[in-house]
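Q: Quick one: sequence plus predicted model below, questions after.
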Amino acid sequence: MSTQIMQILHEKFAYSSFRTGQREAIESVLDKKDTLVMLPTGSGKSLCYQLPTYLTDGVTLIISPLLSLMQDQVEQLHLRGEKRAVALNSLTSFSERKRIFRQIKQYKFIYTSPEMLQNQQVLEVLKKAHIQLFVVDEAHCISHWGTDFRPDYLALANIRKSLGSPTTMALTATATKQVRDEIIHFLGLDIKETNQIIESVDRKEIKFFVEICEGNKNEKLIEIVKKMTGAGIIYFTSKKMADEWANNLSNEYGLRASSYHSDLEADDKIKIQQQFLNNDLQIICATSAFGMGFNKKDIRFIIHYHLPSSPEMYLQEVGRASRDGKLGLAILLYQPGDEYIQQRFIETSLPSKEILTAVYKRKQTQLSESDAMVKLAYYFKETSINLNDALQAIEKRKKIKYQQLSFMMQYVYQEDCKRSYLLNYFCENKKSSLNECCSSCGLDQEELIAKLNKMTQSYKEEEARKRVLPWKEVYNNLYNNL
DNA sequence: CGTCGTACCCCTACGGGTACGACGGTGCCGTAGT
């Protein structure tokens, strides 16, 4: 088996060795063990399910949170010469869907959404397909989004069961012990039998800073951004602010900036990502909509204008910097009162007592079942025998969210090592004694920025060296100079 | 918290001031209607 694995790695993926965790994950599912894999972003998680797919009969079903992610993965497989990959979602045309249904058994990789699996026709077809590996990509979404605004994520255990309980693999980059337990729970896996492959969430190359502002946050943001020459993301908690700042930075300060949030059309999202990748844009002013599945190697700074909802969110967003393994800067700008937005989100994102009561009393006339909040209420109804239990469960959820928020507040005011504090949340200890670690460890921001800018400069020079003039251009230049 | 929209007031006319309340974020799918 071992030589077979290496052979596939070489032939299909053109790699000669594995990165940390990959081999273990692959061997685990080949051994038919349900597996939870937590590897840092950009460490090749898709290989963990793609490779074993080639060593088994049958189909691998991948549940993915975003349409763009599905399209991306399918495209990459196609480019690698794997034609037996397909995405089954709302973008699939009726005729295409019919064709997929007809030849379902011929595919090796089927990508779909949790919502799509609620469609009985889709499920019936998949039942016939002999799914041998059930994969949940970005599995923290089960816990984060499922319990929040995409309740269909919570139905995956039943789906999995009705597909004959295939070997299951959940992949994520950041999940606390609690979130990992929830993933296992909502997939209907046995916690003792599930093999967990966990790597550290620490990204040593990213340096943490917190700036506590007293009414001068805007000036502070400008001050920092003006110094930066490399690529960066500024995260906001409001779409409007993201738009305003993107305009402000480009019109007033001549920076190449654009905003990114859920109001954008899919085409524009792709366009902006592409421009950022090509360094046609230097700065993205984004809401939390930006980043999942996005892989730009040389992002040098991540600034948070608003307070993130949790340490997980913060590490996810910050983790988009420094994929090249070189230095990166993470700055959180905090102004007293910033936590109120998050508090409001907590208070309004769970079903109210009124909705819950209506659901329990089946007063369906006033309820639209497509409403995520109502669906979530139904979920609480299914899992709690009576209304009081459900209300208590909701209170418990709220409490967890408040704990996460208060952890971020403590992070802001933490005078000891910021990194250690974040790692503690993930039950990890800071391994090496990093002197150059964070603002609490006495790291100098100016010096770091100078280093980052130097790095960006050498990147640009390298790119310029690589850029050899195409012969046509050379010819035209010569011709024009005659 | 900060911002923005709306209702209301004043009391006669269209407009300015203010007080109060609402809102801020993440994505699938399907269906109605163009």
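A: Structure received. Since the structure is predicted, the reported quantities are computational estimates derived from the model, not experimental observations. Numbering: from 1, shown residues only, chains lettered A, B, ... in the order given.
Q: So for chain A, the centremost residue is which one?
A: residue A:292 (3.5 Å; C-alpha atoms, centre = their mean).
Q: That residue touches residue A:138, doesn't it?
A: Yes - between residue A:292 and residue A:138 there is a contact at 6.4 Å, judged by C-beta atoms under 8 Å. Where you see a C-beta, it was placed from the backbone N, CA and C, and this is true even at glycine.
Q: what do these two both touch?
A: Residues touching both residue A:292 and residue A:138 (C-beta atoms under 8 Å, 6 or more residues apart in numbering) are A:65, A:69.
Q: show me what contacts the residue nearest to the centre of chain A?
A: With C-beta under 8 Å, 6+ apart, residue A:292 has these contacts: A:65-66, A:69, A:138.
Q: Low-confidence stretches in the stretch 351-482 of chain A?
A: The model of the stretch 351-482 of chain A has pLDDT under 70 over residues A:363-370, A:467-482.
Q: State which one residue of it is found closest to DNA strand B.
A: Evaluated by C-beta to the nearest atom of the strand, the stretch 351-482 of chain A has residue A:372 as its residue closest to DNA strand B, separated by 4.5 Å.
Q: okay but that residue is in contact with residue A:150, surely?
A: Yes - Residue A:372 lies in contact with residue A:150 (C-beta under 8 Å); the separation is 6.8 Å.
Q: More neighbours: which of these two?
A: Set residue A:372 next to residue A:150 and count neighbours by other C-beta atoms under 10 Å: residue A:150 wins out with 19 against 15.
Q: ok, and does the lengthiest helix in chain A reach over to DNA strand B?
A: In chain A, with assignment by DSSP state H, the single longest helix is helix A:387-413. No - for helix A:387-413, no contact with DNA strand B is found by C-beta under 7 Å from any atom of the strand; the gap never falls below 8.5 Å.
Q: Verify the assumption that residue A:133 is located in a helix.
A: No - going by DSSP: H, G, I helix; E, B strand; the rest coil, the assignment for residue A:133 is strand, not a helix.
Q: For residue A:451, list the residues it contacts.
A: Residue A:451 neighbours (C-beta under 8 Å, 6+ apart): residue A:327.
Q: returning to that earlier point: tell me which of the contacts of residue A:292 fall in helices.
A: Taking DSSP H as the definition of helices, those contribute residue A:69.
Q: Let's have the contacts of residue A:292 in JSON lines, adding neighbour count and pLDDT.
A: As requested, the contacts of residue A:292 are exported to JSON lines (neighbours: other C-beta atoms under 10 Å; pLDDT from 0 to 100):
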{"residue": "A:65", "neighbour count": "23", "pLDDT": "97"}
{"residue": "A:66", "neighbour count": "16", "pLDDT": "96"}
{"residue": "A:69", "neighbour count": "19", "pLDDT": "95"}
{"residue": "A:138", "neighbour count": "21", "pLDDT": "97"}
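Q: Out of the contacts of residue A:292, which is nearest to DNA strand B?
A: Taking C-beta to the nearest atom of the strand as the measure, DNA strand B lies nearest residue A:66 of the contacts of residue A:292, at 3.6 Å.
Q: was I right about that closest one contacting residue A:294?
A: No - using C-beta under 8 Å, residue A:66 is not in contact with residue A:294; the gap is 10.3 Å.
Q: could you dump the contacts of residue A:292 to CSV with distance to residue A:173?
A: Supplementary listing: the contacts of residue A:292 in CSV, determined by distance: C-beta to C-beta, whole Å:
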residue, distance to residue A:173
A:65, 13
A:66, 15
A:69, 13
A:138, 8
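Q: hey, what's residue A:167 bridged with?
A: Per DSSP bridges, the residues bridged to residue A:167 are residue A:133.
Q: can you pull the contacts of it?
A: By C-beta under 8 Å, 6+ apart, the neighbours of residue A:167 are A:29, A:32-35, A:132-134.
Q: again with residue A:208
A: A:318, A:330, A:332, A:418-419, A:422, A:437-439 are the contacts of residue A:208 under C-beta under 8 Å, 6+ apart.
Q: can you rerun that using 6 Å?
A: A:330, A:418-419, A:438 (C-beta atoms under 6 Å, 6 or more residues apart in numbering).
Q: from those, which ones fall inside helices?
A: Among the contacts of residue A:208, DSSP H puts A:418-419 in helices.
Q: Serialize the contacts of residue A:208 to CSV and add fields for neighbour count and distance to residue A:145.
A: Formatted as CSV, those follow (neighbours: other C-beta atoms under 10 Å; distance: C-beta to C-beta, whole Å):
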residue, neighbour count, distance to residue A:145
A:330, 24, 23
A:418, 23, 27
A:419, 21, 27
A:438, 22, 29
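Q: I'd guess residue A:15 is in a helix, am I close?
A: No - applying three-state DSSP, one finds residue A:15 to be coil, outside a helix.
Q: Just to check, it is in contact with residue A:6?
A: No - the criterion here is C-beta atoms under 6 Å, and residue A:15 misses it with residue A:6 at 9.6 Å.
Q: residue contacts, the closest residue to residue A:104 other than its chain neighbours?
A: Leaving aside its chain neighbours, residue A:104 sits nearest to residue A:129 (4.5 Å; criterion: C-beta to C-beta, 6 or more residues apart in numbering). Contact analysis of residue A:129 by C-beta under 6 Å, 6+ apart lists A:59, A:104-105.
Q: Many thanks, we can stop here.
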